[in-house]
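**Q** coordinates for the following, if possible.
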Amino acid sequence: MKVEEYGGRFGAALAAAAFSVPDGSLLRRAAQEMHEMAVAYHSDGAAFLHAGDVVNALASFAYGSGWLDAGYVLGLIVCRNGDRPSPHEIGDTIPFALFDRLQWKTERYRGMLDAALSEVEYGPDRESALYGGAEHFIAVARSSFAAGVERLGGEDPIGALAWFSYGHAWLDAGVRTGLLRIRDRRDLFTV
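**A** Got it, this is the predicted structure:
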């Protein structure tokens with residue numbers, strides 16, 4: 001799937017998204033923040049795409065879709081059409097003029113996700129109901145990192161960038177919702 005199509009499907013999923021928690025509830029703020037992050041990064045991705053910057057468009061779309069998926073998995077957001085795109089579907093080419101930027105950004109995001117994975121720990125108590133959620137968020141981020149590394153090994157920096165961006169969104173969403181805690185380097189997270 002091309003980056004433009006990925007962004008379109010992500011936008012359609014956002015348009016079909018709704019909050020599953022009631023106004024005034026404690027979790028409504030978390031649902032709103034997750035949705036706001038997804039909307040903001042879809043908007044950024046569309047602006048980058050319009051400007052011809054496919055690299056930053058992809059990173060924005062993948063990061064935003066990670067936020068949306070995290071909200072969906074937490075049960076804070078429902079997607080009425082059920083069609084949320086996945087980074088594994090990315091299969092685009094980048095203009096030669098953007099290849100150096102793609103390589104740089106992919107390596108940068110690989111390093112950021114790798115560092116962020118070592119900087120988070122479970123937020124909830126081991127015996128709490130939400131502990132499994134923290135485990136799941138870290139597992140998604142780790143598997144996204146592994147998928148990105150695999151794509152790099154297969155000389156697919158586009159797919160790698162998508163996976164690294166997507167995985168980092170799950171860590172940021174986990175921190176923002178209290179499922180995860182930052183050990184030290186807060187600069188690696190959107191909090």
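**Q** what about Ile190, which SS state?
**A** Wrong residue type there; residue 190 is Thr, not Ile. For Thr190, the reduced secondary structure class is coil; criterion used: DSSP: H, G, I helix; E, B strand; the rest coil.
**Q** what do you get for Leu26?
**A** Under three-state DSSP, Leu26 falls in the coil class.
**Q** helices and strands of the protein: which one bottoms out on pLDDT?
**A** strand 77-79 (a mean of 90; mean pLDDT, DSSP states H and E).
**Q** now for that strand, which elements pack on it?
**A** Where contact means 3 or more C-beta pairs under 8 Å, 6 or more residues apart in numbering; DSSP states H and E, strand 77-79 is packed against strand 17-19, helix 28-50, helix 54-74. (Each C-beta comes from the backbone N, C-alpha and C, glycine too.)
**Q** which residues touch Ser20?
**A** When contacts are counted by C-beta atoms under 8 Å, 6 or more residues apart in numbering, Ser20 is found next to 31, 75-78.
**Q** of these - the most surrounded one?
**A** Within these, neighbour counts (other C-beta atoms under 10 Å) peak at Ile77, which reaches 25 neighbours.
**Q** for the residue of the chain positioned farthest from its centre, give me the pLDDT.
**A** Here the chain reaches farthest from its C-alpha mean at Glu127, the gap being 27.5 Å by C-alpha atoms, centre = their mean. Note on Glu127: pLDDT of 94.
**Q** in JSON lines: the helices and strands packed on strand 77-79, plus mean pLDDT and distance to Asp187.
**A** Below are the helices and strands packed on strand 77-79 laid out as JSON lines (pLDDT from 0 to 100; distance: least, C-beta to C-beta, whole Å):
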{"stretch": "strand 17-19", "mean pLDDT": "94", "distance to Asp187": "30"}
{"stretch": "helix 28-50", "mean pLDDT": "96", "distance to Asp187": "18"}
{"stretch": "helix 54-74", "mean pLDDT": "95", "distance to Asp187": "17"}
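**Q** could these be laid out in CSV, adding distance to Asp156?
**A** CSV is the format used below for these (distance: least, C-beta to C-beta, whole Å):
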stretch, distance to Asp156
strand 17-19, 29
helix 28-50, 19
helix 54-74, 12
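**Q** of the ones you listed, which stretch is the most buried?
**A** Across the helices and strands packed on strand 77-79, averaging neighbours per residue (mean count of other C-beta atoms under 10 Å) puts helix 54-74 on top, at a mean of 25.
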